[in-house]
Each structure stands twice: as C-alpha cells, then as structure tokens.
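Visitor: Got a sequence here, can you build the structure:
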Amino acid sequence: MDYREFMKQELAKAAETANSFFGKVSGTVKTGDNNQVLTEADIAIGKQLVAAVQATYPDHNVIDEEAGGIDKKSRFTWVIDPIEATSNFAAGLPQYGIMIGLLEDATPVAGGIIAPAYGKLYLAEKGKGATCNGNPIHVTDEPDLLNVLVSYGIDGHQEDPERTINETRVMADIILGCRNMRNTGCEALDPMYVAEGRYGGRVNTTSKIWDNVAPQIIAEEAGAVWTSVSGTLPDYSNPLARIEQNFTFCVASPALHQQLQTIIGGRLG
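Guide: Reported below is the predicted structural model:
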C-alpha cells in the first residue's frame, strides 16, 4: 500500500476515536515529568495505530509514545504520537493532533498529521511534496523575519530554573526580531502553520522523536529547513535507542531559518 494512502486511512480512523473521547476524559500527569499528561485516548489510539502498522507492514519497527518500541530489525521505523498536545486535549482544547511518521534508517521519508477539530489532514512523502487536504502547501516566500509570525514552544524546567530563564531571554530576542510570537502548544499544528506559510518559523527545545519525524518530512517537503536549535541536522540513527532522548528543533523557510539561527546564536540546546 502507498504510504500516504495508508496514513490517510488510518489517521481518519484515529480521528474518529479521538472525537469519541474528546471532552469526556481527564489527564493524569506522567511520573517524573509535570509537563507530560496521559489520557485513555492516547492509549486507545496508540494501540489502534500500532495494530494497523503491524497488519500492513509486519516487518517494520514501531515506536509509539505510550507503548515504547517494537524492534523487528528493520531499516524502516514507524514513529507514532497518538495524541500530540495531550494537555490541550485533556483540557477540552481543540489544539491537538495525531501524528505518524516513517523513518528509513535515519531519514524521515513519509509523514501524516490529522487535526480532528480543524478538519485538516497533512501528508507528505519524500520527493513528492506536501499537502493539506489534498492541496499542495509551501512555506512563505517572505524574506524578512520582521514581517512574519514566529511560534515558540517552551516547557518549564523546575529542576533547572536557569534553563527556563535563559530560554525566555532568547524568546525575547526572537520577539523583537519578528512581527509577533504565537504558540498553540501543539507540534501537530505549529510546524504545519510553517509548512503552510502562515508562520515564518517554529522553535522548540523540549520534544521527543515522535514530536519530530512526521512534522519534519511534511515541513521539508513544503520547502522548510528543519534542524536542531543549534543548526545541526537531527540524528535519528538507531531510533529505537532514542526513545528517551530530548530533541530540539528550529523549522523555517531557508531565508528565515538563517535569521532565526543568527538570533539564537548557539544559546539554546
């Protein structure tokens, strides 16, 4: 089956499941991380998508945010985030999504994201472009960061307050260098707004592999540059060993990415 068709079908089913839970569940905080929340919907959708991958691509590895890794010794690894922005979902806020991406060795080659509350389905496959609801999308052509909105995702780090304080200083410099700053608190939405040309860029210093693979390939196929906040390419080699790893990212059009990197100046990550 074509990867995009598979993702389209399974994400539509997952969205139905999410809709059946939305507004009816509450979240529990994950042990050891006050920023992370879990609901029944995360578990149900994760099981649903893992089962779909195993039925259609039985020889492929799988990483699911809640279930962990399934190692089939394959060069292909599906990376699933059953509910991205669970804190929003549990609070009854519509800014959430469901994401599934595919790595071939260390390279993102396909990705799909559905935002059930907004009726949006984003799909991409390497070399074939990116779409939203079947229509091609592309990053902004605006060359000046001062003329665009920039999104920034930030978590509080009670264990290291100085980290958060330093991050807010960098945020201030970005705000002063762009038109204004926005944040839905959702990696299923903010990077897609970059891919659609609505935002100029998105920065996040606290994320996991499942927050990155699907949006990265979609954004790249829409013309974006996706790196760590320090400007290096993300390393997804041996992905099953990276489930606990923190990933940072900076995604923007090529011209705006360079301007963001100049402002960040190696102060993050």
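Visitor: quick one: secondary structure of the spatially closest residue to Thr164 that is not a sequence neighbour?
Guide: Nearest non-adjacent residue to Thr164, counting by CB to CB, 6 or more residues apart in numbering: His157, 5.0 Å away. The way it works is simple: take the backbone N, C-alpha and C, and place the C-beta from them, glycine included. With DSSP: H, G, I helix; E, B strand; the rest coil as the basis, His157 sits in coil.
Visitor: His157: neighbouring residues, count only.
Guide: Using other CB atoms under 10 Å, the number of residues around His157 comes to 16.
Visitor: Next, the contact list for it, please.
Guide: Contacts here follow CB atoms under 8 Å, 6 or more residues apart in numbering; on that basis His157 touches 163-164, 206.
Visitor: Of the residues you listed, select the buried ones using a PyMOL command.
Guide: For the buried members of those, the matching PyMOL selection, counting by 16 or more other CB atoms under 10 Å, is:
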select buried, resi 206
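Visitor: Narrow the contacts of His157 to those in helices?
Guide: The helices, defined by DSSP state H, take in 163-164 from those.
Visitor: Among the contacts of His157, find the lowest-pLDDT one for me.
Guide: Minimum pLDDT across the contacts of His157 is recorded for Arg163, with 88.
Visitor: if I look at the nearest residue to that one once chain neighbours are set aside, how far off is Asn166?
Guide: What sits nearest to Arg163 in space, not counting adjacent residues and going by CB to CB, 6+ apart, is His157, at 4.8 Å. Computed as CB to CB, to the nearest Å, the His157 to Asn166 distance reads 10 Å.
Visitor: Repeat that for Pro234.
Guide: 22 Å.
Visitor: Who has more neighbours out of those two?
Guide: Between Pro234 and Asn166, counting by other CB under 10 Å, Pro234 is the more crowded of the two (19 against 13).
Visitor: Just to be sure, that one is in a strand?
Guide: No - read with three-state DSSP, Pro234 is coil and lies in no strand.
Visitor: give me phi/psi at Lys208?
Guide: For Lys208, the backbone dihedrals (degrees, to the nearest 10) come out as phi -120, psi 170.
Visitor: what about it, how many neighbours?
Guide: 19.
Visitor: Run through the residues that contact the spatially closest residue to it that is not a sequence neighbour.
Guide: Nearest residue to Lys208, sequence neighbours excluded (CB to CB, 6+ apart): Phe247, at 6.4 Å. Phe247 makes contacts with 207-209, 211-212, 228, 234, as judged by CB under 8 Å, 6+ apart.
Visitor: and the gap between Phe247 and Leu38?
Guide: 20 Å.
Visitor: What of Lys24?
Guide: Applying CB to CB to Lys24 and Leu38 gives a distance of 15 Å.
Visitor: Please apply the same query to Asp211.
Guide: 15 Å.
Visitor: Where neighbours are concerned, which of the contacts of Phe247 has the most?
Guide: Counting by other CB under 10 Å, top hit in the contacts of Phe247: Asn212 with 27 neighbours.
Visitor: from memory that one sits against Thr248, does it?
Guide: No - Asn212 is not in contact with Thr248 according to CB atoms under 8 Å; the separation is 9.4 Å.
Visitor: Which parts of this structure are helices?
Guide: 3-21, 40-56, 86-90, 161-177, 190-195, 213-221, 254-264.
Visitor: Indicate which one of the ones you listed is closest to Pro239.
Guide: helix 213-221 (8.3 Å; CB to CB).
Visitor: what about the closest one, average pLDDT?
Guide: 98.
Visitor: Next: stretch 59-68.
Guide: Mean predicted confidence for stretch 59-68 is 93.
Visitor: so how far does that stretch reach from one end to the other?
Guide: Distance across stretch 59-68, first residue to last, is 17 Å (CA to CA, to the nearest Å).
Visitor: Also stretch 59-73?
Guide: Note: stretch 59-73 ends 8 Å apart using CA to CA.
Visitor: I'd like the distance between the residue nearest to Lys208 and Glu104.
Guide: Applying CB to CB to Phe247 and Glu104 gives a distance of 18 Å.
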